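> coords below, sequence missing:
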């Protein structure tokens, strides 16, 4: 397969990274996955500036990853909290993969800072590659080929 014969202008990975590919978007998504959903809480927990956080939240909402919902505490003004959409929830396996990769290849001397487990049984959760026929697939057993949207360079 000669991948150099194909354009990269129709790349699904690039379209994904256009929405979530910068450092702060990943950090914001980590917070929301962990249940931190309000602007002030995200800012305080991460140290991200107001302007950068506002920009990333706007970008994630526009990208269909988060939805903003208003809330109001008694005696306070209305504010927004951010919830994952279905598209956002679909990113959870990606973040679990990154978490596991970091635990393995960039471990902290004290061990993992976060452990993700199955609510029902308590066993650790990991992302697994599986084909549409239900077979667990090892990394070296994956083959890429041009799809119907691939464009030959010309």
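Nice, I can see it. Bear in mind the structure is a predicted one, so any value in this text is a computation, not a measurement.
> quick one: stretch 68-84 to chain centroid distance?
Taking the mean of its C-alpha atoms, stretch 68-84 sits 23 Å from the chain's own mean (CA atoms, centre = their mean, to the nearest Å).
> from one end of it to the other, what's the distance?
End-to-end span of stretch 68-84 (CA to CA, to the nearest Å): 9 Å.
> what's the mean pLDDT across that stretch?
Mean pLDDT, taken over the full extent of stretch 68-84, equals 93.
> residue contacts, the spatially most central residue of the chain?
With the centre of the chain defined as its mean C-alpha position, the nearest residue by CA atoms, centre = their mean is residue 91, 4.3 Å away. Contact analysis of residue 91 by CB atoms under 8 Å, 6 or more residues apart in numbering lists 20, 29, 65, 84. All C-beta spots, glycine's among them, are computed from the backbone N, C-alpha and C.
> the helix or strand harbouring residue 40 packs against which elements?
Taking DSSP states H and E as the definition, residue 40 sits inside helix 39-46. In terms of contacts (3 or more CB pairs under 8 Å, 6 or more residues apart in numbering; DSSP states H and E), helix 39-46 is packed against helix 23-33, helix 50-62, strand 79-84.
> one step back: residue 9: which of the contacts of residue 91 is nearest?
In terms of CB to CB, no member of the contacts of residue 91 lies closer to residue 9 than residue 20, at 19.6 Å.
> what's the burial count for the closest residue to residue 7 other than its chain neighbours?
Nearest residue to residue 7, sequence neighbours excluded (CB to CB, 6 or more residues apart in numbering): residue 151, at 4.4 Å. Other residues within reach of residue 151 by the criterion other CB atoms under 10 Å amount to 11.
> check residue 151 and give its pLDDT.
92.
> how far away is it from residue 8?
As for residue 151, its distance to residue 8 is 9 Å (criterion: CB to CB, to the nearest Å).
> same check on residue 106?
From residue 106 over to residue 8 the distance is 28 Å, taken as CB to CB.
> helices of the chain, start to end?
Using DSSP state H, the helices found in the chain span residues 12-20, 23-33, 39-46, 50-62, 86-89, 92-105.
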